[in-house]
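1. coordinates only, sequence not included:
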């Protein structure tokens, strides 16, 4: 029996990182809502993340217009449909003016709450929040294989951020790469993969020069977000500033070290079992006292030493290596599927 169509409108976040952290809701609905058909409205930066969602009827790019005109434009596009469910992650009044059976509208929490849990609360899933998940295609995965190629383990680095105040100095990323990838490092013989947008090309040049060309995969400004996500699935470790790339890496399952300073890791720590937050001696509130609006054109990450990041990376590499070995041991010890285990008496 064919399931009846269940139209779902999702008004998603504007920023890439927020969109990644909320993406688990889409996966949950795609898996569990019979006949789910999606219309997803998000900002331009995040829109491409959702182009491979199964059951996608329309992807609406919300370009900001004067006088909140983008909200009127969106309403005009979606007002003729009777929606089975409207999820508004922006907390607007839009759903009040639409025909719908159910709605879930974001409300600001009373205390700092991780963005994954905030999103889960929309569907009362906070006790078991869906982890971030992005859909790709066989073509995207094949292209990622071509870009990554073959060779040693990959250290992926995201050295940029949406504001210079959150950016760890590029020369320190270079020192980190050398420490981890040299002959005595935990990723000896490995390769360096650099990711970023077109605006980051000049910024990453000093980092790219730390590695011979045959051990360098510089994808800065060359690929879209879903391809970056697919490439990150193939990384042994990711280290980067608090950014959309950091959240892509964690969602891809890459062991992830996130570098924090003037951003709140209670809300934006990388999500997943194999992640680390590293910051210098100052907590978020201390940065807020110095730069209340986070608008100063200064780098707040200077007090995060290389040694602290190297130590976190080594610990995470060791932890995930042990986990991999544990899984392999369980597989080896498990009895063959066609041979029943011996009874206790035997």
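-> Sure, I can see it. Because the structure is predicted, anything quoted here is derived from the model rather than measured.
2. got a list of what residue 8 touches?
-> 29, 33, 36, 37, 38, 39, 83, 84, 85, 86, 87 (C-beta atoms under 8 Å, 6 or more residues apart in numbering). For the C-beta atoms, the positions are set from N, CA and C on the backbone; glycine is no exception.
3. So the residue nearest to residue 43 when sequence neighbours are not counted versus residue 314, what's the distance?
-> Closest residue to residue 43 apart from its sequence neighbours, by C-beta to C-beta, 6 or more residues apart in numbering: residue 14 at 3.4 Å. Per C-beta to C-beta, to the nearest Å, residue 14 is found 36 Å from residue 314.
4. next one: residue 237
-> Residue 237 is 10 Å from residue 314, by C-beta to C-beta.
5. which of these two has more neighbours?
-> Taking neighbours as other C-beta atoms under 10 Å, residue 237 and residue 314 compare with residue 237 leading, 24 against 16.
6. Who does residue 100 form a beta bridge with?
-> Note on residue 100: beta-bridge partners by DSSP bridges are residue 83.
7. Next up, the contacts around it.
-> 9, 82, 83, 84, 85, 86.
8. okay, it: pLDDT?
-> Looking at residue 100, its pLDDT reads 97.
9. quick one on the thing from earlier: what subset of the contacts of residue 100 is buried?
-> 9, 83, 84, 85, 86 (16 or more other C-beta atoms under 10 Å).
10. List the neighbouring strands of whichever strand or helix holds residue 259 plus their orientation.
-> Using DSSP states H and E, the element containing residue 259 is strand 256-260. Neighbouring strands of strand 256-260 in its sheet, by DSSP bridges, are strand 237-241 (parallel), strand 275-279 (parallel).
11. export those to TSV and tack on distance to residue 318 and mean pLDDT?
-> Formatted as TSV, the strands paired with strand 256-260 follow (distance: least, C-beta to C-beta, whole Å; pLDDT from 0 to 100):
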stretch	distance to residue 318	mean pLDDT
strand 237-241	11	98
strand 275-279	12	97
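12. most neighbours per residue, which of the ones you listed?
-> strand 237-241 (a mean of 27; mean count of other C-beta atoms under 10 Å).
13. which other residues reach that one?
-> Contacts for strand 237-241 (C-beta under 8 Å, 6+ apart): 153-161, 166-168, 173, 176, 180, 187, 195, 232, 246, 249-250, 254-259, 301, 309, 313, 316-317.
14. need the strands for the stretch 1-150 of the chain, in chain order.
-> 6-11, 36-42, 56-61, 83-88, 100-105 (DSSP state E, counting those that start in this stretch).
15. Out of those strands, which is closest to residue 74?
-> Residue 74 lies closest to strand 36-42 among those, at 5.6 Å (C-beta to C-beta).
16. ok, the closest one: who's next to it in the sheet?
-> When DSSP bridges is applied, strand 36-42 pairs with strand 6-11 (parallel), strand 56-61 (parallel).
17. Deepest-packed of the ones you listed, please.
-> Buried most deeply of the strands paired with strand 36-42, by mean count of other C-beta under 10 Å, is strand 6-11, with a mean of 22.
18. and the angle for that strand with strand 83-88?
-> Strand 6-11 and strand 83-88 are oriented at 20 degrees to each other (axes from the mean of the first three to the mean of the last three C-alpha atoms, to 10 degrees).
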